[in-house]
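> Predicted model follows, preceded by the sequence.
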Amino acid sequence: GIVGPSGCGKSTVAALLMRFLSPLSGIHRVAGLDVTTLTADDVRRTTALVDDDPYVFSSTLAENVRLARPEADNEAVESALRAAHLGAWLDSLAAGLSTLIGEGHAQVSGGERARLGLARALLADPAVLVLDEPTAHLDTETAHAVTDDLLAAAEGRTIVWITHGTVGLDQMDEVLRF
């Protein structure tokens, strides 16, 4: 876990982990290899980022999630949505996975958008999952439920939980405070 107030550099750490930025000093390793010896695509094949405001494309719900793994079938997409705590929402949509969302279509709340980002990341199934403010747009009860579901679904992988709050930190092995 990484915790600290807004503006202290938490999202910069996420950008470094994704290789959107290169370190000015020190070494960042992925699978024991210095990232400066890897392509950005190599890093992103093993590491996924969910930021605090995932983009929703003007397309179907399924295609918005499937973006993370284009060959995924509908069962895998649905499983990822349910693991991201979007099962009830999915069940409420008349067209289900075929529902058009995004600009000009069905509206998606901030909390649903955040959980769509989580569903994409879970579908991608990376070894490292960087979650930058994963519960920022959720009420406390939903944040706790999403945290529990997400960490259960992400078992066996490295999680970097970046937050300015406290939800989820009690489940981290180690917490860095900025």
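Nice, I can see it. Numbers count the residues shown, from 1 in each chain.

> Give me the buried stretch members for stretch 96-110, please.
The neighbour-count check on stretch 96-110 (16 or more other Cβ atoms under 10 Å) flags 97, 99, 101-102, 108 as buried. Every C-beta, even on glycine, is put in place using the N, C-alpha and C of the backbone.

> For stretch 145-160, buried residues please.
Quick answer for stretch 145-160 (16+ other Cβ under 10 Å): 146-147, 149-151, 153-154, 159-160.

> swap that for stretch 124-141, sorry
124-126, 128-138.

> Identify, from the buried residues of stretch 96-110, the entry nearest to Gly26.
Val108 (38.4 Å; Cβ to Cβ).

> can you pull out the strands in this protein?
Assigned by DSSP state E, the chain shows strands spanning 2-3, 29-30, 33-34, 47-50, 59-60, 100-101, 128-132, 158-163, 176-177.

> and Leu116, which of those strands is closest to it?
strand 100-101 (8.3 Å).

> Distance from the closest one to the middle of the chain?
Mean C-alpha position of strand 100-101 versus that of the full chain (Cα atoms, centre = their mean, to the nearest Å) differs by 20 Å.

> Give me the residues contacting it.
Residues outside strand 100-101 that contact it (Cβ atoms under 8 Å, 6 or more residues apart in numbering) are 56, 58-61, 64, 106-108.

> ok, how many other residues are close to the residue nearest to Glu133 when sequence neighbours are not counted?
Counting by Cβ to Cβ, 6 or more residues apart in numbering, Asp52 is the residue found nearest to Glu133 once chain neighbours are left out, at 3.7 Å. Using other Cβ atoms under 10 Å, Asp52 has 20 neighbouring residues.

> so which of the buried residues of stretch 145-160 comes closest to Glu75?
Closest approach between the buried residues of stretch 145-160 and Glu75, by Cβ to Cβ: Ala153, at 15.0 Å.

> All set, thanks.
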